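[1] Show me the folded form of this:
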Amino acid sequence: MCNFNTQPDEVKSFLHLFMQKAAQSVGGVNFLLSLLEAIKSKAHHPLISRDCKIASNDVIIRWNKVVFKDKVDLIVEILALHKSYEGNSFNLLEDANTKRRKKILNMAKTLFPIEFVVTPQNHKNGSGFSFGVFDEMSDESIKFNPIFIAFFFCSVEFSKKAIKYEI
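    Numbers count the residues shown, from 1 in each chain. Reported below is the predicted structural model:
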């Protein structure tokens, strides 16, 4: 899931275009990468932050709801099960037994309203951007937003490869 080289070309292109546009909206590639490094430098998982924000020298990411450790642990578990998945989104409810399906639905209902807002600290650098946790959510299909996964669960190297990718 977080191996950029194994992703299909359309996923690589999507991630490249989004990362380029995101970098432009916060002041440049270095500003975006410094935010990603600030996210990764947290001792505990960054989503658990009680402040609901992480700041680098130039960019801030904020979200509107505290995420508890059990939800983050479930996401990590799901990603570990789908580690070798090669695609831009996979249905979380696929191959889930009844008990696991209920846990995933509860996690999704809790995290669906969260919106991540990324803004530069100096408004002259750009207007910023926002994204959610899920691309799709229904009773039969729940799909993570690949940008959410890239920001909070993949390495900075993954994002660097996405930015440098040539279409």
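[2] how close does the residue minimising distance to the centre of the chain get to L15?
    The centre of the chain sits closest to F148, judged by CA atoms, centre = their mean, with a distance of 1.4 Å. Going from F148 to L15 by CB to CB, to the nearest Å gives 12 Å. (Each C-beta comes from the backbone N, C-alpha and C, glycine too.)
[3] Likewise for N3?
    With CB to CB as the criterion, N3 and L15 are 12 Å apart.
[4] the more surrounded of those two?
    Per other CB atoms under 10 Å, whichever of N3 and L15 has more neighbours is L15, with 23 against 14.
[5] Which element, helix or strand, includes that one?
    Using DSSP states H and E, L15 maps to helix 9-26.
[6] What is that helix packed up against?
    Counting contacts by 3 or more CB pairs under 8 Å, 6 or more residues apart in numbering; DSSP states H and E, helix 9-26 is packed against helix 29-40, strand 115-120, strand 129-132, helix 146-152, helix 156-164.
[7] Which one, of these, ends up nearest to K53?
    Closest to K53 of these is strand 115-120 (CB to CB; 9.3 Å).
[8] Please name the residues that touch the residue nearest to F18 when sequence neighbours are not counted.
    Nearest residue to F18 in three dimensions, chain neighbours excluded: I147, at 5.9 Å (CB to CB, 6 or more residues apart in numbering). The contact partners of I147, taken as CB atoms under 8 Å, 6 or more residues apart in numbering, are L15, F18, A22, F131.
[9] From the residues you listed, pick the one nearest I104.
    Nearest member of the contacts of I147 to I104, counting by CB to CB, is F131, at 20.3 Å.
[10] doesn't I149 make contact with the closest one?
    No - here F131 lies out of contact with I149, judged by CB atoms under 8 Å, at a distance of 10.6 Å.
[11] next one: phi and psi at the residue lying closest to Q24 once chain neighbours are set aside?
    Computed as CB to CB, 6+ apart, the closest residue to Q24 that is not its neighbour in sequence is G126, at 6.6 Å. The phi and psi values for G126, taken as degrees, to the nearest 10, are phi 150, psi 180.
[12] Relative to R62, how far out is G126?
    Distance from G126 to R62, by CB to CB: 16 Å.
[13] the more surrounded of these two?
    Just comparing G126 and R62: by other CB under 10 Å the higher neighbour count belongs to G126, 19 against 16.
[14] residue at max distance from the center of the protein?
    Distance from the centre of the chain peaks at T98, with 26.5 Å (CA atoms, centre = their mean).
[15] need the contact list for the residue nearest to the centre of the chain.
    F116, F131, G132, V133, F134.
[16] Nothing else from me, thank you.
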